[in-house]
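> Sequence and computational prediction follow.
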Amino acid sequence: MKAPNDLPRIGMSSCLLGEPVRWDGGHKRDGYLVEGLAPFVEWVPVCPEVEMGLSVPREPIRIEEARGRLRLVGEGSGEDHGPRMKRFVADRLARLGQLDGYIFKANSPSCGPDHVKVHREGHVPTRTGQGFFASAVRKARPHLPVADEGELRDTARRENFIERVFAWRRVQLALGQRSSRSGLVAVFGAHELQLRAHDEKRALALGRRVRDSKSLSRGSYLDEIMGILARPRTRPAQAKVLRYVAAELKGVLAKEDRIELADAIEHYRTGRQPLLVPVTLLRHHVRVHGIEALQGQSFLEPDAGEQMLLNHA
Ligand code: SF4
């Protein structure tokens, strides 16, 4: 097991971890997060409402909009907690430290990352928006992988979030060591196959920009990488990348190995085998035959924790 500081650091709404911090004194413990994800990540729990000084229990609050201004209003008292939340946010954001992802409580006026009800002053909800704290986190860290617990109940979205968290961590670590253009080229090279499995056209275009352009900013580079990864992988796209790797190995493999690989890829493409089978075979051949150009590819060699989580997503 890795030491805690080797694990991805994930911000988390405290009530999802089972802390009794909700307005009614309860919690919203999420079994998958607490039991499934916990061994592979370090949590950074935050309850904005309690940390900014509200009591447990407390009156529920909601977002109201009046004359274009958003308020965080106590449902009974009408007290506006917005200014206090804004002061808290400025301080708490500075103390969050390095994060590799954030899992928010859905629908909360403080924590909900999207689709939170916005009421017209004293009336029914008329639109949706972002919770106050979640909105500030997203503004301050625009590339950070973010999800709510509801999204993570969907297998494909869960896999995508896990993948983005680990990729974000690798990219941050690599760019922290080498932020020059050669660092960008190296990071792209290690993720090229993974990016192609998400969106081949955009990945190849990014590769050309990274290698040719002296003016690619770190911000637009991260925009592009995280944007490509946010697009879900499909079996046909992944099978295409697998076939590409198999073709690179063609000259060094015995006939029976080539047949075994082709079968494994086809069985994966048609849903009869998990991705792990052809990836494990390819990784083995890349190592045994010392194919340097394919070594260190995140597609073939994901982080051990990432691999475990994806196997059980
Ligand atoms: S949703 Fe956010 S503010 Fe509400 S109890 Fe959970 S952690 Fe606290």
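All right, it came through fine.
> For the stretch 151-300 of the chain, which residues are neighbours of the ligand?
Taking Cβ under 6 Å from any ligand atom, no part of the stretch 151-300 of the chain reaches the ligand. The C-beta positions use only the backbone N, C-alpha and C, and glycine is treated the same way.
> quick one, helices of the stretch 151-300 of the chain?
155-177, 181-198, 200-212, 218-230, 235-249, 255-269, 276-288 (DSSP state H, counting those that start in this stretch).
> can you tell me the distance between the two ends of stretch 22-41?
24 Å (Cα to Cα, to the nearest Å).
> can you redo the helices of the stretch 151-300 of the chain as a markdown table with mean neighbour count and mean pLDDT?
Shown next, in a markdown table, are those (neighbours: other Cβ atoms under 10 Å; pLDDT from 0 to 100):
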| stretch | mean neighbour count | mean pLDDT |
| --- | --- | --- |
| helix 155-177 | 19 | 90 |
| helix 181-198 | 20 | 91 |
| helix 200-212 | 15 | 92 |
| helix 218-230 | 17 | 91 |
| helix 235-249 | 17 | 96 |
| helix 255-269 | 16 | 97 |
| helix 276-288 | 18 | 96 |
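> Return the residues in contact with the residue of the chain most remote from its centre.
Using Cα atoms, centre = their mean, the residue of the chain lying farthest from its centre is K255. It sits 39.9 Å away. Listed by Cβ atoms under 8 Å, 6 or more residues apart in numbering, K255 has no contact partners.
> ok, it to R243 distance?
When distance is defined by Cβ to Cβ, to the nearest Å, K255 is 17 Å away from R243.
> Now render the helices of the stretch 151-300 of the chain as TSV, adding distance to K86.
Compiled in TSV, the helices of the stretch 151-300 of the chain are given as follows (distance: least, Cβ to Cβ, whole Å):
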stretch	distance to K86
helix 155-177	27
helix 181-198	35
helix 200-212	37
helix 218-230	25
helix 235-249	43
helix 255-269	50
helix 276-288	46
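> So what would you say the end-to-end distance of stretch 196-205 is?
10 Å.
> hang on, I meant stretch 88-108
17 Å.
> what mean pLDDT does that stretch have?
For stretch 88-108, mean pLDDT is 96.
> For that stretch, which residues meet the burial criterion?
Across stretch 88-108, burial judged by 16 or more other Cβ atoms under 10 Å covers 88-89, 92, 96, 99-108.
> Near the ligand, list only the ones from those.
Okay, of the buried residues of stretch 88-108 touching the ligand (Cβ under 6 Å from any ligand atom), that's K105, S108.
> And the furthest pair within the buried residues of stretch 88-108?
Greatest spacing in the buried residues of stretch 88-108, by Cβ to Cβ: D100 and N107 (24.1 Å).
> Please enumerate the helices of the stretch 1-150 of the chain.
Under the criterion DSSP H, counting those that start in this stretch, the stretch 1-150 of the chain contains helices at 31, 48-51, 82-94, 132-140.
> could those helices go into a markdown table alongside distance to P113?
Formatted as a markdown table, those follow (distance: least, Cβ to Cβ, whole Å):
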| stretch | distance to P113 |
| --- | --- |
| helix 31 | 21 |
| helix 48-51 | 13 |
| helix 82-94 | 14 |
| helix 132-140 | 4 |
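> Nearest approach to R22 belongs to which of the ones you listed?
helix 48-51 (8.7 Å).
> For that closest one, which outside residues touch it?
By Cβ under 8 Å, 6+ apart, helix 48-51 touches 14, 21, 23, 56, 58, 61, 81, 85, 88-89, 92, 110-111, 132-133.
> Right, I'll leave it there.
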